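Undergrad: here you go, sequence then predicted model.
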Amino acid sequence: MTNVDKKASRRIGIDIGGTFTDLFVIEEDGGSRIYKSPTTPHDPSVGLLDGLAKAAGSFGESLEDFLGAVSTIVHGTTIATNAVLTHRGAKTGFVTTHGFRDLLNMRRGIRERQNDSKYAPPPPLVPRELIATVRERIDVSGAEVVALHEDDVRAAARYFREQGVEAVAVSYLWSFVDPSHEQRTAEILREELPGVFITISSDVVPQIRAYERHSTTVLNAFVGPKLQNYLANIERQLADRGFSGTLLIVQSNGGVMSPEIASNSAVNALMSGPAAAPGAALQYARRHGAENVIAVDMGGTSFDVALVRDGESLLTGDSEIAGYRVALPMLDIHTVGAGGGSLVWVDSGGILRVGPQSATADPGPACYGRGGENPTTTDADLLMGYLNPDMFGDGAFTLDVEAARRAVEEKVAKPLGLSVTEAVEGIYRVVNATMAEAVSAVSVKRGVDPREFTVVVAGGAGPIHAVPIAQELGITRIIVPRESSVFCAVGTLLTDLKHLYARTFVSDMDALDLDRAGELYREMRDEAVETLRSENVADDAIDLVFSADVRYIGQFTEIEVPLAFDGELTQESLKQLVSDFEAKHEALNGYAMPGEPTELINVRLTSLGRTAKPALADEPSAGPDPSAALKGAREAVFSGRTVRTDVYDGLALRRDNRVAGPAIIEQPTTTVVLIEGYAMTVDAQGNYVIEPANQPA
């Protein structure tokens, strides 16, 4: 995709988590290697470069030689996410239509938690004193009612300059119909405020619903400078160390984008961290004939769950982060604070709690020996006998068993009147129940039977807890990728360039102007192709998927429906659109109303630029006997009993090897725990497939 030396054949996926920075390196022959380095919250680029240096050392190369042989780096980042969660984004000003100053911070004018009298919305990202109004007005038809008062814009710019504003968001009332006022406002602001990040709603989310559009545009401004500076720093540091390949950034919708686009559309990276997981989970599950997948990822700080149904990752266009609404389509990922570093505590009522607070990477769990005094999930897993204290985090350090024991005894066992063994098993059960509830939230509570799904488990801690979670929900197949501990990093290399476009065009379907709607689709098509070409995607690697948001007249929410479009809209394609809408309405809501009038709300386009995917070779069969990988045994707790448990070297297990529980399978960066009644078989790519032992292998 760029002019890279022919010798540059390695590809690297990177995911920066709350505790570890994960790297997955694929070589030209399909061989792969996994690396972890501690995340450095003060400057994530430090941990990233430490990980790259570690990888280079394992190849016996300097960092410059190592990066010189890399063609592509795909990076998932939590920079934008953390800026919102910690309220440490840019000092942001907001410009909107005169008379509507408070629309942003009024939200929708309703209490989100109507039965919680103490509920207060999150603090505004833009305080009222940094909201400026401008006299201008476009009406619903696109006609100019009030001309743009440029002196108002310049006055706002002067005020923002005095206040030290670092970013400005502009969102006028009907700008998605005619963006000319916003575009001219941006020109003036860039003249008056050089170096300040300027963003307009007609570029970010040109569609109906003012509050959602305002909120999304403000989020883009709030996180934009921070992500822009981070990416510029990373690009510079990588270039200084010999990297001349392609750098791509994971988007919230599961695709990837260039750093240039990410810098201007930072809001698209709000869920960049976990967004690569669902698509990757589907790739692993498809090797076993599954199209319905639940992807779970237990990292150091959180537990993320996403549903893939009939081969499609679920997107939501009505999501939020930390209470702030985001109107752009994002992967529907449910997150709870139940990670390996989640703090264990006893509340005032004597109830055992786990999370959502985390020990993070510094100081980390008590067993890290870095000064942490509070017990965590990892401390409990260690004392259960599941973790090898001498083999953790790719041998980065040894776990302190006694420090973990002291923390659990002082903070949990004594307050509850339990033994340490009882306390750690209680912690294990509470964590598993929390995660099972999270899986239920994306399946059972949405009318989906989880028993029809395959669970693909990611995260260094995920495979320790996966089997009890699946057992609780009646799920009979679990896949643990060999690369589970760096799964999101792997997923980054399995994604395509992806951009989503939308235009609001409200019309009764019976009176739809086919020419105008077709023109909007063609405009989006041309913009999408131009963008992908700017990212060096060849025309034969571009896929375009058209759709429309449709609803019955009188409904408040609409449904996105695929649309066949070859350059012109016809009455036949419109008739098929309505038919498909009614079928999807019935599937989602349990009923349809054939013949009732419908209306179009938005026209949409998803553009994909296909990227080269890593090919992993199949292993030859080694038969069911796993004894060659048996490395010993140790005491571990299962169902209240301490059992002498076989421990296997995961890297020594081969295709078709079969291990029955209770057993522990260790790799340098993850551990798989098999409870009694379950068995694990190694598949052709070295992944672990876990099923009830009475099922055929």
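TA: Nice, I can see it. Numbers count the residues shown, from 1 in each chain.

Undergrad: CA atoms for contacts and neighbours, from now on please.
TA: OK.

Undergrad: check which helix or strand covers residue 279.
TA: Taking DSSP states H and E as the criterion, residue 279 maps to helix 277-286.

Undergrad: how about residue 64?
TA: Counting by DSSP H and E, the element that carries residue 64 is helix 63-68.

Undergrad: and if you look at residue 505?
TA: strand 497-508.

Undergrad: by contact count, what packs against that strand?
TA: Here strand 497-508 touches strand 256-257, helix 514-534, strand 598-609, going by 3 or more CA pairs under 8 Å, 6 or more residues apart in numbering; DSSP states H and E.

Undergrad: average pLDDT for the shortest one?
TA: By that I understand strand 256-257. Strand 256-257 carries an average pLDDT of 86.

Undergrad: now the strand holding residue 505 and helix 514-534, what's the angle there?
TA: Interaxial angle of strand 497-508 relative to helix 514-534 (axes from the mean of the first three to the mean of the last three CA atoms, to 10 degrees): 170 degrees.

Undergrad: residue ranges in the stretch 501-650 of the chain under the pLDDT threshold?
TA: Low-confidence segments of the stretch 501-650 of the chain, defined by pLDDT under 70: 614-617.

Undergrad: at 90 instead, please
TA: 534-538, 554, 556-557, 564, 566-568, 587-590, 595, 609-619, 639-641 (pLDDT under 90).

Undergrad: follow-up on the earlier one: for residue 414, which of the helices and strands packed on strand 497-508 is the nearest?
TA: strand 256-257 (49.4 Å; CA to CA).

Undergrad: quick one: that closest one to chain centroid distance?
TA: 13 Å (CA atoms, centre = their mean, to the nearest Å).

Undergrad: ok, stretch 141-159 next?
TA: On CA atoms, centre = their mean, the centre of stretch 141-159 falls 38 Å from that of its chain.

Undergrad: tell me the buried residues in that stretch?
TA: By 16 or more other CA atoms under 10 Å, the buried positions in stretch 141-159 come out as 148, 150, 152, 153, 154, 156, 157.

Undergrad: the strand holding residue 505 to strand 598-609, inter-axis angle?
TA: Using the same axes, to 10 degrees: strand 497-508 against strand 598-609 is 170 degrees.

Undergrad: distance of residue 67 relative to residue 236?
TA: Distance, residue 67 to residue 236, by CA to CA, to the nearest Å: 13 Å.

Undergrad: pull the contacting residues for residue 102.
TA: Residue 102 makes contact with residue 128 under the criterion CA atoms under 8 Å, 6 or more residues apart in numbering.

Undergrad: hang on, it in a helix?
TA: No - using DSSP: H, G, I helix; E, B strand; the rest coil, the assignment for residue 102 is coil, not a helix.

Undergrad: and stretch 346-359, how far apart are its ends?
TA: Stretch 346-359: ends 16 Å apart by CA to CA.

Undergrad: again with stretch 64-76
TA: End-to-end span of stretch 64-76 (CA to CA): 22 Å.

Undergrad: what are the ranges of the strands in the stretch 151-300 of the chain?
TA: Taking DSSP state E, counting those that start in this stretch as the test, the strands found in the stretch 151-300 of the chain are 167-171, 197-200, 246-250, 256-257, 293-298.

Undergrad: what pairs with the second one, parallel or antiparallel?
TA: By that I understand strand 197-200. strand 167-171 (parallel) (DSSP bridges).

Undergrad: right, and residue 16 touches residue 273 too?
TA: Yes - Residue 16 is within contact range of residue 273, at 7.1 Å (criterion: CA atoms under 8 Å).

Undergrad: hey, what's in contact with both of those two?
TA: Contact with both residue 16 and residue 273 is made by residues 76, 77, 78, according to CA under 8 Å, 6+ apart.

Undergrad: burial measure for the first one, as a count.
TA: Pointing back at residue 76 there. If you count neighbours by other CA atoms under 10 Å, residue 76 ends up with 28.

Undergrad: what are the ranges of the helices in the stretch 551-697 of the chain?
TA: Listed in chain order, the helices of the stretch 551-697 of the chain (DSSP state H, counting those that start in this stretch) span residues 571-589.

Undergrad: typo on my end, it should be the stretch 401-550 of the chain
TA: Using DSSP H, counting those that start in this stretch, helices in the stretch 401-550 of the chain cover 401-408, 414-416, 420-442, 462-473, 487-492, 514-534.

Undergrad: which outside residues touch the fourth one?
TA: Residues outside helix 462-473 that contact it (CA under 8 Å, 6+ apart): 296-299, 381, 386, 432-433, 435-436, 440, 450-451, 455, 457, 476, 478, 480, 484, 670-675.

Undergrad: same question for the last one.
TA: Under the criterion CA under 8 Å, 6+ apart, residues 497, 499, 501-503, 505, 539, 542, 544, 546, 567-570, 603-605, 607, 609 lie in contact with helix 514-534.

Undergrad: now list the buried members of those.
TA: The buried subset of those (16+ other CA under 10 Å) comprises 497, 499, 501-503, 505, 542, 546, 569, 603-605, 607, 609.

Undergrad: nearest to residue 246, of those?
TA: Nearest to residue 246 among the buried ones among the contacts of helix 514-534: residue 497, at 12.2 Å, using CA to CA.

Undergrad: pretty sure the closest one contacts residue 606?
TA: No - Residue 497 is not in contact with residue 606 according to CA under 8 Å; the separation is 10.4 Å.

Undergrad: ok, now how distant is residue 107 from residue 83?
TA: According to CA to CA, residue 107 and residue 83 sit 20 Å apart.

Undergrad: what sits against residue 156?
TA: So residue 156 contacts 95, 132, 133 (CA under 8 Å, 6+ apart).

Undergrad: repeat that with 10 Å
TA: By CA atoms under 10 Å, 6 or more residues apart in numbering, the contact set of residue 156 is 93, 94, 95, 130, 131, 132, 133, 134, 150, 162, 189, 192.

Undergrad: OK, contacts around the third one?
TA: In this structure, residue 95 makes contact with 101, 130-134, 152-153, 156-157, 168-172, 182, 185, 200, 214, 218, judged by CA under 10 Å, 6+ apart.
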